[in-house]
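Participant: give me the fold of what follows.
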Amino acid sequence: MTHSSGRQAIVVDAVTKRFTLRHARSIKTMTVRALRREKLKERFVALDEVSVSIGVGESVALLGVNGSGKSTLLKIISGVLPPDAGSVGVRGRIAGLIEVGAGLHPDLSGRENIFLNGAILGMDRAETLRKFDSIVEFADIGRFLDQPVRFYSSGMFMRLAFSIAVHTEPDVFLIDEVLAVGDPLFRDKCIKRLREYKDSGRTMVIVAHDAKLLRQLCTRGVFLEKGRVLWDGDIDTAADLLVRKRQERRRALGLPVPPAAGASR
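Facilitator: A predicted model of the protein is given here:
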């Protein structure tokens, strides 16, 4: 479904992705499952002919309960995963925070990773040098700049990865759950930067469990269920759907249902 009268930044056309789930990792387990005539592995369809078009300048949330396929779709858009069928087209420079610390080499220092990850995301050395001080200041890693990043906490990892990515000034910015890591002050700083990014007319696609945050940052929501698009439209309807589906899942598991955080009032 197209929600922009202008150019398309991302076109996902009938994308399907399957994974093989292995139920046996050891010889003992394989033997037991074989004797019981149980499957050793099975095919799992993560995405089933998903089609989505995102216009230049749109801020779109990918929503769904765990296992719905939203992170898989984001990885396929970013080029981290190839689709098994269908196609994906992206216009312009793309930067993704798909996993905390993705693209950072554990044996290299923070300083070296700024140049390495910047190059991976499309910045040449001159651009990285020009933005270096600003990247370091935003990441707030201070005296750890010349330490190998394997010694960084998950919060420091995220701060550095996020800082490098936003400084590449990509045309398309992909974000998956990274804002769940780190201290509240840095999270607020990230959200402020993402709002500026949204207001600048660039394209943004976010996966997050925080319905309230998604309402603030996005105008459109694509809700996935069992690898298929269940809803593609305004963010409030999509966020309400997420809250409702979560409540249904908790009831089905016999768990207490908390107040609907993030539900529209």
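
Participant: phi and psi next, for Ala165.
Facilitator: phi -60, psi -50 (degrees, to the nearest 10).

Participant: mind starting the numbering at 145 from now?
Facilitator: Okay, residue one is now 145; in that scheme the one you just asked about reads as Ala309.

Participant: roughly how far apart are it and Leu385?
Facilitator: 29 Å (C-beta to C-beta, to the nearest Å). Any C-beta I mention is one placed from the backbone N, CA and C, and that applies to glycine too.

Participant: who has more neighbours out of the two?
Facilitator: Ala309 (23 against 19; other C-beta atoms under 10 Å).

Participant: isn't that one right up against Arg237?
Facilitator: No - the pair Ala309 / Arg237 is not scored as a contact, 11.0 Å apart, by C-beta atoms under 8 Å.

Participant: pull up the overlap in contacts between those two.
Facilitator: Common neighbours of Ala309 and Arg237 are listed as Leu265 (criterion: C-beta atoms under 8 Å, 6 or more residues apart in numbering).

Participant: could you count how many residues lie near Gly266?
Facilitator: The burial count for Gly266: 15, using other C-beta under 10 Å.

Participant: quick check, pLDDT for Val325.
Facilitator: pLDDT for Val325: 60.

Participant: over to Asn257?
Facilitator: For Asn257, the predicted pLDDT is 94.

Participant: which residues touch the nearest residue to it once chain neighbours are set aside?
Facilitator: Once flanking residues are discounted, Asn257 sits nearest to Leu248: 4.9 Å by C-beta to C-beta, 6 or more residues apart in numbering. By C-beta under 8 Å, 6+ apart, the contact set of Leu248 is Asn257, Asn261, Val293, Phe301, Leu304, Ala305.

Participant: what's the most distant pair in these?
Facilitator: Asn261 and Phe301 (11.4 Å; C-beta to C-beta).

Participant: show me where this protein has strands.
Facilitator: With strands called from DSSP state E, the chain shows them at 152-166, 185-199, 203-207, 229-234, 238-241, 316-320, 347-351, 364-369, 372-378.

Participant: mind listing what's buried in the last one?
Facilitator: Okay, so that is strand 372-378. Under the neighbour-count criterion of 16 or more other C-beta atoms under 10 Å, strand 372-378 has Val373, Trp375, Asp376 buried.

Participant: what do you get for the second one?
Facilitator: For strand 185-199, the buried set under the neighbour-count rule, 16+ other C-beta under 10 Å, comprises Ala190, Leu191, Asp192, Val194, Val196, Ser197, Ile198, Gly199.

Participant: now, which of those residues sits nearest Leu361?
Facilitator: Nearest to Leu361 among these, with distances taken as C-beta to C-beta, is Ile198, at 14.3 Å.

Participant: grab the nearest non-local neighbour of that closest one.
Facilitator: Per C-beta to C-beta, 6+ apart, closest to Ile198 is Ile154, 4.2 Å.

Participant: now do the contacts for that neighbour.
Facilitator: Counting by C-beta under 8 Å, 6+ apart, Ile154 has contacts Val196, Ser197, Ile198, Ile221, Val232, Gly233, Val234, Arg235, Val316, Thr347, Val349.
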